[in-house]
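>>> any chance you can model this:
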Amino acid sequence: PKGTMAFAGKYEFEGDENYDAFVQKIGLPSDKVEMGRNCKIVTEVVQNGNDFTWTQHFPGGRSTTNSFSVGTEADMETFGGKKFKATVKIEDGKLVADFPNYRHTAEICGGKLVEISTCSGVVYKRTSKKIA
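As a prediction, the model looks like this:
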């Protein structure tokens, strides 16, 4: 891995692009679609070298946590609650994971957490600002 990627911190949802087209493409149930729209998700990242704990806190107290080490297969859970195995890699300073039906990347860009999910040509981008 080149350089140190400083992902650690707390980030609050700031904006997204292509949400509806993306959730339609991945077949998210409509109740989850509404729940996720403009959702003030707070993403908390704890990083220790190549070991990460990545937690998304949703309004109303629900949260999803994925713990993984770069390059090692880990048990993960999607936003929709599906469980699967994935190996997170580092490419060009981004964390990259292949989810069951989409590819997800995360990077720190100008102090913001920028996450991009791609499914069959539909690109969903979520930006979160650092709050802690």
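>>> in its sheet, what does the helix or strand harbouring residue 85 sit against?
Secondary structure assignment for residue 85, by DSSP states H and E: strand 83-87. Paired strands of strand 83-87, with direction, are strand 73-77 (antiparallel) (DSSP bridges).
>>> just the CA atoms of the strand it pairs with, as CSV, please.
Provided in CSV are the C-alpha atoms of strand 73-77 (Å, rounded to 0.1, in the frame of the first residue of the first chain):
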residue,chain,number,x,y,z
GLU,A,73,-11.3,-12.1,3.5
ALA,A,74,-13.8,-10.9,6.0
ASP,A,75,-17.5,-11.3,6.9
MET,A,76,-19.4,-8.1,5.8
GLU,A,77,-22.9,-6.8,5.8
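>>> residues touching that strand, excluding its own?
64, 66-68, 83-88, 97, 99 (C-beta atoms under 8 Å, 6 or more residues apart in numbering). All C-beta spots, glycine's among them, are computed from the backbone N, C-alpha and C.
>>> what about 10 Å?
Strand 73-77 has contacts (C-beta atoms under 10 Å, 6 or more residues apart in numbering) with 52, 54, 56, 64-68, 82-88, 97, 99-100, 104.
>>> what subset of the residues you listed is buried?
52, 54, 56, 64, 66, 68, 86, 88, 97, 99, 104 (16 or more other C-beta atoms under 10 Å).
>>> am I right that residue 121 is in contact with residue 25?
Yes: using C-beta atoms under 10 Å, residue 121 is in contact with residue 25, at 8.6 Å.
>>> so which of those two has more stuff around it?
residue 25 (18 against 7; other C-beta atoms under 10 Å).
>>> got the contact list for that one?
Shown in contact with residue 25 (C-beta under 10 Å, 6+ apart): 18, 101-102, 117-122, 124.
>>> could you verify that residue 31 is part of a helix?
Yes: counting by DSSP: H, G, I helix; E, B strand; the rest coil, residue 31 is part of a helix.
>>> tell me what the helix-or-strand element of the chain with minimal mean pLDDT is packed against?
Within the chain, judged by mean pLDDT, DSSP states H and E, the helix or strand with the poorest mean is helix 30-36; its value is a mean of 83. In terms of contacts (3 or more C-beta pairs under 10 Å, 6 or more residues apart in numbering; DSSP states H and E), helix 30-36 is packed against helix 19-25.
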